[in-house]
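Enquirer: predicted model and sequence below, questions to follow.
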Amino acid sequence: MKYLVTGGAGYIGSIVATMLLEAGHEVVVLDDCSTGASERVPAGATLVQKRVQDVGDVLDSSFDGILHFGGLIAAGESMAKPEIYWEANTAATFELLTAMREANVRTLVFSSTAAVYGNPTEVPIREDAAKAPTSTYGASKLASDMAISSEVTAHDLAAVSLRYFNVVGAYQDKSGIWHGENHEPETHIIPIAFDAASGKRDSFALFGEDYPTKDGTCVRDYIHVADLADAHLLALGAAQAGEHKIYNLGNGNGFTNKEVVETVKRVTGTDFPVAIEGRRAGDPAELVASSEKAKAELGWKPTRDSLDRMVADAWEYYQHAHA
Ligand SMILES: NC(=O)c1ccc[n+]([C@@H]2O[C@H](COP(=O)([O-])OP(=O)(O)OC[C@H]3O[C@@H](n4cnc5c(N)ncnc54)[C@H](O)[C@@H]3O)[C@@H](O)[C@H]2O)c1
Ligand SMILES: O=c1ccn([C@@H]2O[C@H](COP(=O)(O)OP(=O)(O)O[C@H]3O[C@H](CO)[C@@H](O)[C@H](O)[C@H]3O)[C@@H](O)[C@H]2O)c(=O)[nH]1
């Protein structure tokens, strides 16, 4: 099959593109390299360096489907610069849907997020929970999901939205090369803690310890990027015309930020100072997934579900990337 992977020069998109190639598919990556990098596009994929908003220039009926990862991802930044999130996430998805209709490409797998739920009323969070995003990032993704639903109903698109919880870890491909997370600037807790572990930063800044959680710090549900990538291949097989399938992807285990920092210290065998700072705008207190629906309907079986394993793989990649 021939797939267009938007955002394939980024962390998750480049790993899914790698696995698609390993499964024998043809992959074209569409990425403007605004936060990603062309070197991350796997060998064997073709890179078209363009914005998702211009996908109409690239798409034709030779494609069997699209995996849409391209966009901006930092909830904190989205509170300070909402306009760039509406543009890169929501407006870009509108353009993608139009281009798919015009080129008669009928299958879409979309990177949605736990951030669409906001502060949940019940944990673990199921797909039918109330959606009340606390960040513009979450709102921009929820609007995209709603536009996809309309397109499915009106024009028979086959769509799957995967709502990822916090993605970590790295993937070693069949030729032995590690692929992992390397954002510039980095905003995610685990790679930032690695910067402190390796001495690249003097200390780790912990955002808020007055949340209504067991130790006052935010709780997140971490998922290994390779388990997440497996779900994309399953989603391509499960997509059906006229259906918008939506699945939460996490492990159902909540870790506080303090527990995450302790895990990083243990796995890396280091110690580093932790400075308590104020809350970061847009952060919900607790996000923990129920992924029962993905397991039952997609046959998804996460196999790398221990946080220590996820942090160990991410650390392996970090050391290669910063050698
Ligand atoms: N990392 C996570 O924990 C997480 C959790 C939930 C959802 N997601 C979603 O998964 C997707 C991938 O996340 P990631 O961590 O790999 O992010 P990333 O920043 O590593 O990758 C995103 C890629 O999209 C590209 N891009 C951004 N705007 C674009 C545009 N307008 N046109 C073309 N390309 C554009 C960037 O250059 C980058 O290569 C995103 O849609 C994100 O919202 C990520
Ligand atoms: O230097 C740091 C960085 C982060 N945090 C905290 O760590 C937690 C996790 O933050 P981060 O790693 O930035 O992830 P999230 O903000 O939870 O967002 C990620 O996970 C979401 C799903 O849960 C996705 O939607 C987003 O795209 C993805 O960036 C939050 O409480 C942050 O305030 C710190 O305390 N210090």
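Expert: Here it is on my side, so go on. Residues are numbered from 1 along each chain as shown. Ligands and ions are numbered 1, 2, ... in the order given.
Enquirer: what number of residues lie near Gln319?
Expert: Using other C-beta atoms under 10 Å as the criterion, Gln319 is surrounded by 13 other residues. Using the backbone N, CA and C atoms, a C-beta is placed for each residue, glycine as well.
Enquirer: got the residues of this protein near ligand 1?
Expert: Residues of the chain lying close to ligand 1 (C-beta under 6 Å from any ligand atom) are 6-7, 9-13, 31-36, 51-52, 69-73, 88, 92, 111, 113, 164, 166-167, 183.
Enquirer: which ChimeraX command selects the buried ones in those residues?
Expert: To isolate the buried ones among these in ChimeraX, judged by 16 or more other C-beta atoms under 10 Å, type:
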select :6,7,9,10,11,12,13,31,32,33,35,36,51,52,69,70,71,72,73,88,92,111,113,164,166,167
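Enquirer: so of the residues of the chain next to ligand 1, which ones are in helices?
Expert: 11-13, 92 (DSSP state H).
Enquirer: also near ligand 2: which of the residues of the chain next to ligand 1, exactly?
Expert: Applying C-beta under 6 Å from any ligand atom, the subset of the residues of the chain next to ligand 1 adjacent to ligand 2 comprises 73, 113, 166.
Enquirer: hmm, back to that, please identify which of the ones in helices among the residues of the chain next to ligand 1 is nearest to Ile223.
Expert: Nearest to Ile223, judged by C-beta to C-beta, of these is Ile12 at 10.4 Å.
Enquirer: hmm, Ala229 and the closest one touching each other?
Expert: Yes - the pair Ile12 and Ala229 qualifies as a contact (C-beta atoms under 8 Å) at a distance of 7.4 Å.
Enquirer: ranges for the helices of the stretch 201-323 of the chain?
Expert: Here the stretch 201-323 of the chain has its helices, by DSSP state H, counting those that start in this stretch, at 225-238, 257-268, 292-298, 307-321.
Enquirer: redo these as CSV? Include mean pLDDT.
Expert: Below are the helices of the stretch 201-323 of the chain laid out as CSV (pLDDT from 0 to 100):
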stretch, mean pLDDT
helix 225-238, 98
helix 257-268, 98
helix 292-298, 98
helix 307-321, 97
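Enquirer: can I get those in a markdown table with distance to Ser149?
Expert: Listed next are the helices of the stretch 201-323 of the chain as a markdown table, based on distance: least, C-beta to C-beta, whole Å:
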| stretch | distance to Ser149 |
| --- | --- |
| helix 225-238 | 16 |
| helix 257-268 | 33 |
| helix 292-298 | 16 |
| helix 307-321 | 31 |
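Enquirer: which of the ones you listed sits most buried?
Expert: Mean neighbour count (mean count of other C-beta atoms under 10 Å) peaks for helix 225-238 among the helices of the stretch 201-323 of the chain, with a mean of 21.
Enquirer: is ligand 2 within reach of that one?
Expert: No - Helix 225-238 is not in contact with ligand 2 by C-beta under 6 Å from any ligand atom; minimum separation 11.3 Å.
Enquirer: starting at the chain centroid, how far to that helix?
Expert: Relative to its parent chain, helix 225-238 has a centroid offset of 12 Å by C-alpha atoms, centre = their mean, to the nearest Å.
Enquirer: from the contact counts, what lies against it?
Expert: For helix 225-238, the elements it packs on are helix 11-22, strand 65-68, strand 107-113, strand 158-164, strand 166-168, strand 171-172, strand 244-249, helix 292-298, judged by 3 or more C-beta pairs under 8 Å, 6 or more residues apart in numbering; DSSP states H and E.
Enquirer: so what's the backbone phi/psi at the closest residue to His155 other than its chain neighbours?
Expert: With C-beta to C-beta, 6 or more residues apart in numbering as the criterion, His155 has its nearest non-adjacent residue at 5.8 Å, and that residue is Arg101. The phi and psi torsions at Arg101 (degrees, to the nearest 10) take the values phi -60, psi -50.
Enquirer: how much space separates Arg101 from Glu151?
Expert: For Arg101, the distance to Glu151 (C-beta to C-beta, to the nearest Å) stands at 7 Å.
Enquirer: okay, the two: which has more neighbours?
Expert: Legend: neighbour count by other C-beta under 10 Å for Arg101 and Glu151, higher for Glu151 (21 against 15).
Enquirer: make JSON lines from the helices and strands packed on helix 225-238 and add distance to Glu259 to it.
Expert: Converted to JSON lines, the helices and strands packed on helix 225-238 look like this (distance: least, C-beta to C-beta, whole Å):
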{"stretch": "helix 11-22", "distance to Glu259": "23"}
{"stretch": "strand 65-68", "distance to Glu259": "32"}
{"stretch": "strand 107-113", "distance to Glu259": "22"}
{"stretch": "strand 158-164", "distance to Glu259": "20"}
{"stretch": "strand 166-168", "distance to Glu259": "13"}
{"stretch": "strand 171-172", "distance to Glu259": "24"}
{"stretch": "strand 244-249", "distance to Glu259": "21"}
{"stretch": "helix 292-298", "distance to Glu259": "24"}
